[in-house]
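> the following comprises the amino acid sequence and a computationally predicted model.
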Amino acid sequence: MGSLPAFAQPSIDFYAPSFSVLTNFSTGATSDGKTIVGYSRTLGGEYGYRWDKATGKQWLDGTSTGRYFITGEVSDDLKVVGYRQSTEGPFQALQWTPSGGITTVVGSEPNSQALAITRDGRYIVGWQQDAAGNRRGRMWNSAGVVLGDSAWLGDSSQVVDLSDDAAVTVGFAAIEGRQEAFRRLESGEIERLGFLDPTKPTRSSRAVAVSNDGQVIVGTNRADMRSAGFLWRESGGMIPLPNDSRGYPMQPYGVSGDGSVIVGFTATPEGLNALGVLMTPDGTVWDVKTYLLSLGLPVEQYNFRSVRTVSADGLTIAGVADLVGGASDYGFVATLPAPMSCSPLVFAILANRRRR
């Protein structure tokens, strides 16, 4: 057995809302977690930003009054993808680079969104609306060439994430009258991921994120007006994510590169009392506030509403927090203290929970 990586020193940083900034949503992180990207919802619209410990929050276009930019993921060379959504026109897939600022994704057309990018910045995925008004999953390479057949999933589909080598893409599509999560392989084969309970008459599933090797997928399943998270593994299919300490199901936003750390939130069936949570490699779903307090971090005055992104190494998480009895919608970035790795035992534990 190889040696474990050195432990990191736990830390947390907050960036506060202001009069014009209503909330901050983190959407992506570099592999090492040193840079977080996201967008702020303001009185004037949504604007993209990046955050790092040295310089804090920086608007991607230099000002919060510039172009609308709802961010998606970020590559390790700081290429950020996203889209514009405003009253000034249709959706438009956008990208930001340190040297070029915000530009249209080459090869995309109006009514499109860019949602994820490979760590090396070579491939972007999202969707493009066709002439009939249907959303179709798309993948663009760095030259702007649309890859694959845009009709490979029928009339409506979105690609939301992809593996490091772009050989696996995941998303959801309208299949046989229901929205269903899928995984598409480089060969063109499409794997339907199914549902947590196929017997439910009203059901749907959506993939949210995929591991670096394309073998672990997390997403949400909806049935009888209630949502729950799922974990799909190439070797074991779809299983439900564990509940939090209150007994409420976890709903994921992201997964680490090796598939061992999952982040998201839980809420009551009525959608109240949302808690930011993370699932550690042993299969435990932690209330993030309890977890951070156990590390000795001074977070007593905050409530954590959701964890929206995790770095590929599993050591940095980011999301939204409220100041108890005060201002809301702080952005936060936390560095976790332990190396996050996973073994097949974790998935065996989860599978056993399903069979009980």
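In hand now; what should we look at?

> for the stretch 151-300 of the chain, what spans make up the strands?
Assigned by DSSP state E, counting those that start in this stretch, the strands in the stretch 151-300 of the chain fall at 157-162, 168-175, 178-185, 190-194, 203-210, 216-223, 226-233, 237-240, 250-255, 262-266, 275-279, 285-287.

> any idea which of these gets closest to residue 92?
strand 157-162 (15.6 Å; Cβ to Cβ). Yep, even glycine has a C-beta here, placed from its N, CA and C like the rest.

> what are the contacting residues of that closest one?
The contact list for strand 157-162 (Cβ atoms under 8 Å, 6 or more residues apart in numbering) reads 73, 113, 115-116, 118, 123, 125-127, 135-139, 168-174, 182, 184, 206-210, 214.

> okay, now residue 124: neighbour count?
31 (other Cβ atoms under 10 Å).

> specify the angle between the helix or strand in which it is found and strand 157-162 in degrees.
Element membership for residue 124, per DSSP states H and E: strand 123-129. Strand 123-129 runs at 170 degrees relative to strand 157-162, counting by axes from the mean of the first three to the mean of the last three Cα atoms, to 10 degrees.

> counting by contacts, list what the next helix or strand after strand 123-129 packs against.
As assigned by DSSP H and E, the chain's next helix or strand after strand 123-129 is strand 135-141. For strand 135-141, the elements it packs on are strand 123-129, strand 146-147, strand 157-162, strand 168-175, judged by 3 or more Cβ pairs under 8 Å, 6 or more residues apart in numbering; DSSP states H and E.

> list the helices and strands the last one packs on?
Contact here means 3+ Cβ pairs under 8 Å, 6+ apart; on that basis strand 168-175 packs against strand 135-141, strand 157-162, strand 178-185, strand 203-210, strand 216-223.

> then it to CSV, C-alphas only?
C-alpha atoms of strand 168-175 as CSV (Å, rounded to 0.1, in the frame of the first residue of the first chain):
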residue,chain,number,x,y,z
VAL,A,168,-17.8,9.8,-21.1
THR,A,169,-20.5,12.5,-21.0
VAL,A,170,-23.4,12.5,-18.7
GLY,A,171,-26.7,14.4,-18.5
PHE,A,172,-30.4,13.8,-18.9
ALA,A,173,-32.9,13.5,-21.8
ALA,A,174,-36.6,13.0,-22.5
ILE,A,175,-36.8,9.2,-23.1
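
> what angle sits between it and strand 135-141?
Using the same axes, to 10 degrees: strand 168-175 against strand 135-141 is 160 degrees.
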